[in-house]
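Participant: following is a predicted model, sequence given first.
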Amino acid sequence: MSVSIRTFASGCNRSALVLFALLWPLVGQAAAEDDLLSLSIEDLLQVEVTSVARRSQRLADAPAAVFVLTSEDIRRSGMLHVPDLLRLVPGLHVASIDSSTWAVTARGFNGQFANKLLVMIDGRSVYTPLFSGTYWDVQDLMIEDIERIEVVRGPGGSVWGANAVNGVINIITKEASQTQGLLVSGRAGDLDRNASLRFGGALGENTHARAYVKGLQRDDFDDLAGFDAHDGWYQIRGGMRLDSRPTERDHLTLQGDLYDGVSDLTTLTATRDDSDVRGGNLLARWTHGFEDSTDEVQLQLYYDRTERTGTLLDEVRDNFDIELQHRFAPLAGHTVVWGGGYRFTTDDIDSSSTVVFSPSSRTVHLGSLFLQYETALIENVLFLTLGSKFEYNDYTGFEIQPTGRLLWRPHERHSLWGAVSRAVRSPSRAENDVALLIPVPNPPPNFQQLRGQTSFDSEVLVAYELGYRAQPLDRVSFDIAAFYNDYDRLRSVEPTAPIVGFPAPGLVTVPALAANRLEASAWGVELSGSWEVLDFWKLTGGATFLDIEIHSSGSADPTAEGQADDSPESHFFVRSWLDLPCDLELDTTFFWVGPVDNQDVGEYGRLDVRLGWQPLPGLELSLVGQNLIDESHDEFGPSFTQLPTSVPRSFYGMATWRWRPWAK
């Protein structure tokens, strides 16, 4: 068998040489980016993460349930959109609501606006203060520009502030120096079509820049009855990044994006709503390291503007954020990271008969300070982390979010950690100011009206976590994290007396007020592992088990118990990476997701297969099939305003060409 494989490979190499000779005038000195190389299991444990402690540290030394999707994970996944990439993270539940809308959460309480998960891109928060949560349809980054995605499951409020309750996602893009030359990428299939163009160049010996443009089109899904759901997705975006190192100790970054598109949907009243979405952002960061020390200071500013225009409401929002942090070591073996920030967000909302905001415009201010202290209680063996974030917001006033973490490393390949943390989810604009009219399927009553009120308070979590991370063999590693979460002051909707004759004669509406009369407890276990079976075959996977119980604190909310079932009790995935002769790659991922009872969604399996080929340096071709088990399947139920759709089976082909004529 080995002789035949070598013979086959030799024939492939000869064919590739002929193809290379024919295409040489076009390819020039093409070279793939360095990040296309796979990391060994030992290398993965040495990956540096920054989202746990706001400083760079080895993944193996992080006292938290942290997982990293590398650029190689992303490239070989076959996924086209950022939310789908997050399916590959243990502990995250990702469900497609329609063509451009996802529900993404960690450790329960999922929904279109999952409000306990903070999402950032290069340290810039993309969490919307309107309803709380993330508009995933406007976070469609150029996949090739993502260096890694760091996911911290569990509270991150002590360093990132409010809304980092059940987890933090930090999407980190590549420096401009890593994306030099020309990249052209196109994907076309029966569901998705998109194309990207990027060019990077040197503006000086220590200054590099890049610019990109990307367009996408995604066809309509079918609704649960099998009819066209009219939920297509169209968008074009572009952006730039500049990185400069004027001195050995200074690093300047300037980056920004612009986008414009349409996200279609079908409302609960079966009417079409074509939402125009547009916006942009600009971020500047300066990092300075001090001579002969590990001390560092960083100043970051960003501005973000979003506009959404649709049948239900029109929103224009401006966010401005400034933050300063300083890291220093007062003594050997001791590290202090501290800083502060200020953010204000202002909006202007045109309401409809279905969604009304009063007042129509509001400006909200947020000020914060944080302090984190780390020390080695026993050198290279036992480590202690203490810290807290202190915030003041216009809705609830002063908030404190402390944490205490211990990490014990009895051996260089084994680490055990534990943590106790407090985090809060601050009120959104909706929970204070909205009146949302929702049709009821089986009247009477005909409608339910959800109203915010200014007395709504922050939701509170106290979390207890324990984890074990190990590499028992050279080719095997695994990670186990267990947690118990105690929630207080969770959001409830308290019904009041029905209104007859509203919104029209003969109709009945039941108003319900936003309140904080629910409590909950949750526990779970998250597993992940990796096994290099052979030099050319690797297996990875993850599994999640979750149980949530809702407790009423004098609440009459009829939906209270159902909130415990917005996420599956169990789900898992298994990935196989197989390197074949002739520079072929065969990658297979199987997902299994348990039922989501509150959304009336049964269990389902999903199979994705990718066949990739790199016939020449810098040229990559792929064929991908997604959701291959069933013709279509349901993943989530109705959101606040829109009907769900079924996720179809799909196929696409991809070609990516990287050209670096000046590469050595």
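Facilitator: Looks like it came in fine.

Participant: for the residue nearest the centre of the chain, give me its contacts.
Facilitator: By C-alpha atoms, centre = their mean, the chain has its centre lying nearest to residue 169, at 4.8 Å. Applying C-beta atoms under 8 Å, 6 or more residues apart in numbering to residue 169 gives the contacts 86, 117, 118, 119, 120, 149, 150, 151. (Each C-beta comes from the backbone N, C-alpha and C, glycine too.)

Participant: most neighbours, which of those?
Facilitator: residue 117 (29 neighbours; other C-beta atoms under 10 Å).

Participant: pretty sure that one contacts residue 170?
Facilitator: No: the criterion here is C-beta atoms under 8 Å, and residue 117 misses it with residue 170 at 11.6 Å.

Participant: which residues in the stretch 301-450 of the chain form strands?
Facilitator: 314-328, 334-350, 355-357, 361-378, 382-393, 397-411, 414-425, 434-439, 447-451 (DSSP state E, counting those that start in this stretch).

Participant: quick one, what contacts residue 489?
Facilitator: Contacts of residue 489 by C-beta under 8 Å, 6+ apart are 457, 458, 459, 460, 516, 518, 519.

Participant: the closest residue to residue 149 other than its chain neighbours sits in which helix or strand?
Facilitator: Spatially, and ignoring its direct neighbours in sequence, residue 149 is nearest to residue 69 (4.2 Å; C-beta to C-beta, 6 or more residues apart in numbering). Under DSSP states H and E, the secondary-structure element containing residue 69 is strand 65-70.

Participant: biggest strand in this structure by residues?
Facilitator: strand 508-534 (DSSP state E).

Participant: parallel or antiparallel, list what pairs with that one.
Facilitator: strand 447-451 (parallel), strand 476-495 (antiparallel), strand 499-500 (antiparallel), strand 537-552 (antiparallel) (DSSP bridges).

Participant: buried sites along the longest one?
Facilitator: So that's strand 476-495. For strand 476-495, the neighbour count (16 or more other C-beta atoms under 10 Å) marks 477, 479-483, 485, 487-494 as buried.

Participant: that strand to strand 65-70, inter-axis angle?
Facilitator: 110 degrees (axes from the mean of the first three to the mean of the last three C-alpha atoms, to 10 degrees).

Participant: and strand 476-495, average pLDDT?
Facilitator: Averaging pLDDT along strand 476-495 yields 96.

Participant: now the last one
Facilitator: pLDDT averaged over strand 537-552 equals 95, rounded to a whole number.

Participant: next structured bit after that strand?
Facilitator: Following strand 537-552 toward the C-terminus (DSSP H and E): strand 570-580.

Participant: from residue 173, how far out is the nearest residue to residue 141 once chain neighbours are set aside?
Facilitator: Leaving aside its chain neighbours, residue 141 sits nearest to residue 82 (6.0 Å; criterion: C-beta to C-beta, 6+ apart). Noted for residue 82: a distance of 11 Å to residue 173, by C-beta to C-beta, to the nearest Å.

Participant: give me the common contacts of these two.
Facilitator: Joint contacts of residue 82 and residue 173 (C-beta under 8 Å, 6+ apart) are 141, 146.

Participant: show me how the record splits this protein into domains.
Facilitator: Using automatic domain parsing, the domains assigned to the chain come out as 1-30, 31-594+605-659.

Participant: quick check: mean pLDDT of the longest strand of the chain?
Facilitator: 95.

Participant: what's the angle from that strand to strand 570-580?
Facilitator: Using the same axes, to 10 degrees: strand 508-534 against strand 570-580 is 40 degrees.

Participant: returning to that earlier point: winner for burial among the domains of the chain?
Facilitator: Each of those was scored by mean neighbour count; the highest is domain 31-594+605-659, a mean of 19, by mean count of other C-beta atoms under 10 Å.

Participant: so residue 460 makes contact with residue 424?
Facilitator: Yes: counting by C-beta under 8 Å, residue 460 does reach residue 424; the two are 5.5 Å apart.

Participant: got any ranges where this protein has weak pLDDT?
Facilitator: Counting by pLDDT under 70, the low-confidence segments of the chain come to 1-39, 42, 44-45, 267-271, 639-641, 662-664.

Participant: the closest residue to residue 120 other than its chain neighbours: helix or strand, and which one exactly?
Facilitator: Leaving aside its sequence neighbours, residue 120 sits nearest to residue 170 (C-beta to C-beta, 6+ apart; 4.8 Å). Taking DSSP H and E as the definition, residue 170 sits inside strand 167-173.

Participant: tell me the strands beside that strand, with direction?
Facilitator: For strand 167-173, the paired strands and their directions (DSSP bridges) are strand 117-121 (parallel), strand 146-153 (antiparallel).

Participant: dump the ones you listed to TSV, plus distance to residue 208.
Facilitator: Formatted as TSV, the strands paired with strand 167-173 follow (distance: least, C-beta to C-beta, whole Å):
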stretch	distance to residue 208
strand 117-121	20
strand 146-153	14
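
Participant: wait, which of those strands is closest to residue 259?
Facilitator: With distances scored as C-beta to C-beta, the stretch of these nearest to residue 259 is strand 117-121 (12.6 Å).

Participant: other SSEs contacting the next helix or strand after the closest one?
Facilitator: As assigned by DSSP H and E, the chain's next helix or strand after strand 117-121 is strand 124-125. Applying 3 or more C-beta pairs under 8 Å, 6 or more residues apart in numbering; DSSP states H and E, one finds that strand 124-125 makes contact with strand 314-328.

Participant: so what touches the strand it packs on?
Facilitator: Under the contact criterion C-beta under 8 Å, 6+ apart, strand 314-328 has outside partners 54-55, 124-125, 128-130, 293-308, 335-350, 370.
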